[in-house]
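Colleague: Generate a structure from the sequence data that follows.
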Amino acid sequence: MNIEKIKAAVRDVPDFPKPGIIYKDITPLLQDGAIFSELINYLAHPYRNNVPRYVAGIESRGFIFGSALAAELGCGFIPVRKAGKLPYKTIRQSYSLEYGEATIEIHEDAVAPGDKVVLIDDLLATGGTAQAAVSLLEKLNAEIIGIEFIIELTFLNGRKVLNPYPLRSLIIDK
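Modeller: Numbers count the residues shown, from 1 in each chain. You can find the predicted model right below:
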């Protein structure tokens, strides 16, 4: 896999969504079928001999990578959504943001106790959203066998809140 090619396909957009923020735009990566396929193959590699029952993707960009990864591994996909977006009975977890609080949900029957799950999202920053998703999966007694990110902003220390789970990030931004 050519990590440099994948890194080059992520575009930095300064001052979005507000001044001082450098947004990591993954759309060029998604537009290149060969690079996207290579990325999904990379993500799938450690799970080929330990296939999870589900891949859980965090709304919204985690849906893109998660559903492709689930298809590659031949397993199911679980959407982790913003509150009020799922149609059936849910469990919810709130978490802090720099400007307030947010809540995510999954269906209460999304996994059975002991089901192996890989959690995925596009970007790890402070880890709040991913930690909330981990908490939801833990409430359902899932076995989280890995957490995957495309990009990690290490200066925000999000990895610390996701211990002791195995975590991989393809692109490390210091």
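
Colleague: Identify each buried residue in the longest strand anywhere in the chain, please.
Modeller: Secondary structure assigned by DSSP state E gives strand 143-153 as the longest strand of the chain. The neighbour-count check on strand 143-153 (16 or more other Cβ atoms under 10 Å) flags Ile144, Ile145, Gly146, Ile147, Glu148, Phe149, Ile150, Ile151, Glu152, Leu153 as buried. (C-beta placed from N, C-alpha, C; glycine too.)

Colleague: from those, which two are the most distant?
Modeller: Ile145 and Leu153 (23.9 Å; Cβ to Cβ).

Colleague: check which helix or strand covers the residue nearest the centre of the chain.
Modeller: Closest residue to the average C-alpha location of the chain: Asp121 at 1.6 Å, with Cα atoms, centre = their mean. Using DSSP states H and E, Asp121 sits in strand 116-124.

Colleague: distance between the next helix or strand after that strand and the chain's centre?
Modeller: The helix or strand immediately downstream of strand 116-124 is helix 128-139, counting by DSSP H and E. How far helix 128-139 lies from its chain's middle: 11 Å, per Cα atoms, centre = their mean, to the nearest Å.

Colleague: What is helix 128-139 packed up against?
Modeller: strand 54-58, strand 90-97, strand 100-107, strand 116-124, strand 143-153 (3 or more Cβ pairs under 8 Å, 6 or more residues apart in numbering; DSSP states H and E).

Colleague: In JSON lines: those, plus mean pLDDT and distance to Leu167.
Modeller: Shown next, in JSON lines, are these (pLDDT from 0 to 100; distance: least, Cβ to Cβ, whole Å):
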{"stretch": "strand 54-58", "mean pLDDT": "99", "distance to Leu167": "14"}
{"stretch": "strand 90-97", "mean pLDDT": "94", "distance to Leu167": "17"}
{"stretch": "strand 100-107", "mean pLDDT": "95", "distance to Leu167": "18"}
{"stretch": "strand 116-124", "mean pLDDT": "98", "distance to Leu167": "8"}
{"stretch": "strand 143-153", "mean pLDDT": "98", "distance to Leu167": "5"}
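
Colleague: right, so of those, which gets closest to Gly76?
Modeller: The minimum distance between Gly76 and the helices and strands packed on helix 128-139 falls on strand 54-58, with 4.7 Å, by Cβ to Cβ.

Colleague: How about Pro25, nearest residue that isn't a chain neighbour?
Modeller: Pro isn't right for residue 25; it's Asp. Closest residue in space to Asp25, ignoring its immediate chain neighbours: Arg11 at 4.2 Å, by Cβ to Cβ, 6 or more residues apart in numbering.

Colleague: What about the one you found, how many residues nearby?
Modeller: Using other Cβ atoms under 10 Å, the number of residues around Arg11 comes to 12.
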